[in-house]
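*Asks:* dropping a prediction and its sequence here:
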Amino acid sequence: MLWQGFKRFMEMTEMFKNRLADVIRRPLITEKATRGLDLNQYTFEVDHRAAKPEIKAAIEHLFDVKVVGISTMNPPRRTRRVGRFSGKRPQVKKAIVRLAEGSSIQLFPDSED
């Protein structure tokens, strides 16, 4: 049983090995995520199959920063109903990334006209 879990983990790491940019979908800008910016924490929506080491490698590669810690949340899929038709919303995984002191990610680039 343990071997099957390890084998699956290795398959997942191979999946994102050559395309780390596909791990990060978008930054999440919510009220709670904005409060985390003061603590040098950034919230991203990531691929639901990505593991913490892949998320860390993708953030460090894309933004050229040093990641100290990562917390992930994988809530259950929500059911959506339109009339008599029922379906599921897409699966979303959130990652809260804590950066080292002195590192920062500029989510809103300065616009110069």
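*Replies:* The structure has been received and is ready for your questions.
*Asks:* can you check the pLDDT for residue 16?
*Replies:* On pLDDT, residue 16 comes in at 61.
*Asks:* over to residue 4?
*Replies:* Model confidence at residue 4, given as pLDDT, is 61.
*Asks:* what's the separation between the residue nearest the centre of the chain and residue 40?
*Replies:* Among the residues of the chain, the one closest to the centroid is residue 46, at 3.2 Å (Cα atoms, centre = their mean). Residue 46 is 19 Å from residue 40, where distance means Cβ to Cβ, to the nearest Å. For every residue, glycine as well, the C-beta is placed using N, CA and C.
*Asks:* what about residue 95, how many neighbours?
*Replies:* 24 (other Cβ atoms under 10 Å).
*Asks:* who's the nearest residue to residue 86 once chain neighbours are set aside bridged to?
*Replies:* Here the nearest residue to residue 86 in space, its sequence neighbours aside, is residue 79; by Cβ to Cβ, 6 or more residues apart in numbering that works out to 6.2 Å. Beta bridges link residue 79 to residue 88 when assigned by DSSP bridges.
*Asks:* count the neighbours of residue 79 for me.
*Replies:* Residue 79 sits with 9 neighbouring residues when counted by other Cβ under 10 Å.
*Asks:* thinking it is in contact with residue 85, fair?
*Replies:* No - taking Cβ atoms under 8 Å as the definition, residue 79 is not a contact partner of residue 85, at 11.2 Å.
*Asks:* and the strands in this structure, which stretches?
*Replies:* Assigned by DSSP state E, the strands in the chain fall at 24-27, 41-46, 67-73, 79-82, 85-88, 93-99.
*Asks:* what about stretch 25-40, average pLDDT?
*Replies:* Across stretch 25-40, the per-residue pLDDT values average to 93.
*Asks:* ditto for stretch 77-85
*Replies:* Per-residue pLDDT values over stretch 77-85 give a mean of 90.
*Asks:* straight-line length of it, end to end?
*Replies:* 16 Å (Cα to Cα, to the nearest Å).
*Asks:* stretch 30-48 now?
*Replies:* With Cα to Cα as the measure, what separates the two termini of stretch 30-48 is 20 Å.
*Asks:* sorry, back to before: show me the contacts for the residue nearest to residue 86.
*Replies:* Listed by Cβ atoms under 8 Å, 6 or more residues apart in numbering, the contact partners of residue 79 are 86, 87, 88, 89.
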